[in-house]
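J.: sequence-free structure coming up:
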């Protein structure tokens with residue numbers, strides 16, 4: 001499948017769209033959704049100052065990944081469209097990407113709580129602000145310990 005190089009470049013500049021243009025709809029849609037949700041989630045948990053730290057590597061991953069897909073397709077390799085987190089066989093908690101996601105959620109939640117503690121000491125504001133970070137930490141711990149028999 002031969003694609004227009006200029007259109008491929010324009011699509012590669014938008015995270016996930018380059019993958020979708022080259023036929024990898026699952027992976028492209030996941031990257032696009034993640035790229036759009038990161039600023040919103042970071043703003044909600046009070047860590048919008050970390051936006052560039054996450055967005056820039058995500059953009060580079062998507063941009064250069066698109067060209068990797070193009071090169072592999074041009075060499076005749078058949079590339080399967082698999083989900084970043086789910087893989088081909090559905091939700092797999094032993095997947096390395098899920099472990100990274102779990103650690104990332106724990107880190108974000110912890111950083112958010114520390115940011116809130118150091119920012120101000122208003123009790124009602126603190127109680128209200130801790131809900132999302134605690135949910136992130138709990139979800140990350142759950143993902144990491146899902147397959148651990150002693151967890152049940």
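T.: That came through fine. Source: prediction; values computed, not measured.
J.: so which helix or strand takes in residue 30?
T.: helix 25-44 (DSSP states H and E).
J.: quick one: contacts of that helix?
T.: Helix 25-44 has contacts (CB atoms under 8 Å, 6 or more residues apart in numbering) with 14-21, 48, 50-51, 54-55, 58-59, 61-62, 81-85, 108, 132. From N, CA and C alone the C-beta is placed, and that goes for glycine too.
J.: now for the helix or strand residue 98 falls within, which elements pack on it?
T.: Assessed by DSSP H and E, residue 98 sits inside helix 96-119. With contacts taken as 3 or more CB pairs under 8 Å, 6 or more residues apart in numbering; DSSP states H and E, helix 96-119 sits against helix 123-145.
J.: how about the helix it packs on: buried residues?
T.: The neighbour-count check on helix 123-145 (16 or more other CB atoms under 10 Å) flags 129-130, 132-133, 136-137, 140, 143-144 as buried.
J.: now swap in stretch 68-77 and tell me
T.: 69-70, 73.
J.: For these, give me TSV that also has pLDDT.
T.: Listed next are those as TSV, based on pLDDT from 0 to 100:
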residue	pLDDT
69	90
70	88
73	87
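J.: Please name the residues that touch the closest residue to residue 17 other than its chain neighbours.
T.: Among residues not flanking residue 17 along the chain, residue 11 sits closest, at 4.5 Å (CB to CB, 6 or more residues apart in numbering). The contact partners of residue 11, taken as CB under 8 Å, 6+ apart, are 17-18, 20-21, 66.
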